[in-house]
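Undergrad: Just a sequence and a predicted model for now, questions to come.
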Amino acid sequence: MGLPVIGLFPGSNAERAGIKLGDEILTVNNQKIETFEDYVNAVSNVQNLTMTVLVKRGDLLLEVEMPSNRSVPGVN
């Protein structure tokens, strides 16, 4: 079981990557995500400008490239 997406900020990296309310985040860069803490730790450790996020949407598994915080000027 992954982390359910229960909220998105308009214009956020997740929203721009196509992640939607009700999706379930399963992995970030192949790191298993089960809790919000897992997610925060995973995205905090990303060294690249993008990260690969495996998302479950209904019966579908989707792999999306999401900008990391390193791609946002003034963050990290």
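TA: Arrived safely.

Undergrad: When you work out contacts or count neighbours from here on, use the C-alpha atoms and nothing else.
TA: Fine.

Undergrad: Buried residues in the longest helix along the chain, which are they?
TA: Ranked by residue count and defined by DSSP state H, the top helix of the chain is helix 36-44. For helix 36-44, a neighbour-count test (16 or more other CA atoms under 10 Å) marks 38, 39, 42, 43 as buried.

Undergrad: Output the residues you listed as CSV; include the columns pLDDT.
TA: Shown next, in CSV, are the buried residues of helix 36-44 (pLDDT from 0 to 100):
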residue, pLDDT
38, 94
39, 91
42, 89
43, 86
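
Undergrad: Confirm that residue 65 sits in a helix.
TA: No: membership of residue 65 in a helix is not supported by DSSP: H, G, I helix; E, B strand; the rest coil, which gives strand.

Undergrad: and residue 34, how many neighbours does it have?
TA: Residue 34 has 16 neighbours, counted by other CA atoms under 10 Å.

Undergrad: count of neighbours near residue 48?
TA: Residues near residue 48, counting by other CA under 10 Å, number 11.

Undergrad: Look up how far residue 62 lies from it.
TA: Residue 48 is 20 Å from residue 62, where distance means CA to CA, to the nearest Å.

Undergrad: and the residue most central in space within the chain, which of the three is it?
TA: Closest residue to the average C-alpha location of the chain: residue 53 at 5.2 Å, with CA atoms, centre = their mean. For residue 53, the assignment made with three-state DSSP gives strand.

Undergrad: if I look at it, how far off is residue 46?
TA: Per CA to CA, residue 53 is found 12 Å from residue 46.

Undergrad: Report the separation between the residue nearest to residue 7 when sequence neighbours are not counted and residue 40.
TA: Of all residues not flanking residue 7 in the chain, residue 21 sits nearest, at 6.2 Å (CA to CA, 6 or more residues apart in numbering). According to CA to CA, residue 21 and residue 40 sit 18 Å apart.

Undergrad: so where's the protein shaky on pLDDT?
TA: Residues of the chain meeting the criterion pLDDT under 70: 69-76.
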